[in-house]
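# Next comes the sequence, and after it the predicted model I'd like to discuss.
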Amino acid sequence: MNIFTLHDQNSAPDAAKPLLEKSQKEFGMIPNLHAVMAESPGLLEGYQVLHGLFVNSSFNADEKTVVWQTINVEHACLYCVPAHTGIAKSMKVSDEVSNALRDETPLPTAKLEALRNFTLAMVRQRGELEAKQMQYFYAAGFTQQNVLEVILGVSQKIMSNYTNYIAKTPTDEPFKRFYWEKKSSH
């Protein structure tokens, strides 16, 4: 069993200390994911940058949540699904959307379902999508910019999901009430 350090301002490498301070200011705490990532300041910085870029993408709150949670659920990330359930609530995403993502049941709109299907295809096919998959995505009202923003979201989530697998990152206290485990397999 790998045991990774949950760093704080005292134990973190010097290069990670300002990054943890940024996390504290942004989230009101140092998320355990960030505490683990602090062991590699470059990983933590890269994750923070990608997170900020994805948050400022053209997707609305529901769409961001669809991209994040689709990837988290597909990867069965026991840390990220609860965390992003809490984040979705703070972003005013409906429980209907959150529960559909967590339970892998139909989303309330065809457009959100198209985004989930596209994101899943991007993850499962490692970017090698067929023309008909691209056409379906565009027909749902998405753009080339959105294609590239899904890739941005996948990049961010690979960093967190893989770190959480390896480190067995414990769920942060505020998100424990959103406990989740994968009910189906593909």
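Nice, I can see it.
# From the centroid of the protein, which residue is nearest?
residue 68 (3.8 Å; Cα atoms, centre = their mean).
# Can you tell me how far that residue is from residue 85?
Look at residue 68 and residue 85: by Cβ to Cβ, to the nearest Å, they are 10 Å apart. For every residue, glycine as well, the C-beta is placed using N, CA and C.
# do residue 165 as well
Residue 165 is 19 Å from residue 85, by Cβ to Cβ.
# The two: which is more packed in?
Using other Cβ atoms under 10 Å as the criterion, residue 165 and residue 85 rank with residue 85 on top: 23 against 15.
# What separation is there between the residue nearest to that one when sequence neighbours are not counted and residue 68?
Nearest residue to residue 85, sequence neighbours excluded (Cβ to Cβ, 6 or more residues apart in numbering): residue 178, at 3.9 Å. From residue 178 over to residue 68 the distance is 14 Å, taken as Cβ to Cβ.
# Check residue 108 too.
17 Å.
# one step back: identify the residues contacting the residue nearest to residue 85.
By Cβ atoms under 8 Å, 6 or more residues apart in numbering, residue 178 lies in contact with 81, 82, 83, 85, 86.
# Can you tell me which of those residues are classed as buried?
For these, burial is judged from neighbour counts taken by 16 or more other Cβ atoms under 10 Å, and it is met by 81, 82, 83, 85, 86.
# Name the single longest helix found in this structure.
Counting by DSSP state H, the longest helix found in the chain is helix 144-167.
# can you dump the C-alpha coordinates of it into CSV?
These are the backbone C-alpha positions of helix 144-167, laid out as CSV (Å, rounded to 0.1, in the frame of the first residue of the first chain):
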residue,chain,number,x,y,z
GLN,A,144,-14.7,23.2,-32.3
GLN,A,145,-13.8,25.3,-29.3
ASN,A,146,-15.9,22.9,-27.2
VAL,A,147,-14.1,19.9,-28.6
LEU,A,148,-10.8,21.4,-27.5
GLU,A,149,-12.2,22.4,-24.1
VAL,A,150,-13.3,18.7,-23.5
ILE,A,151,-9.6,17.8,-24.1
LEU,A,152,-8.6,20.4,-21.5
GLY,A,153,-11.1,18.9,-19.0
VAL,A,154,-9.8,15.4,-19.7
SER,A,155,-6.2,16.6,-19.2
GLN,A,156,-7.1,18.1,-15.8
LYS,A,157,-9.1,15.0,-14.7
ILE,A,158,-6.3,12.6,-15.7
MET,A,159,-4.0,14.5,-13.3
SER,A,160,-6.4,14.2,-10.4
ASN,A,161,-7.9,10.8,-11.0
TYR,A,162,-4.5,9.1,-11.5
THR,A,163,-3.1,10.9,-8.4
ASN,A,164,-6.0,9.7,-6.3
TYR,A,165,-5.7,6.1,-7.5
ILE,A,166,-2.0,6.0,-6.6
ALA,A,167,-2.2,8.0,-3.4
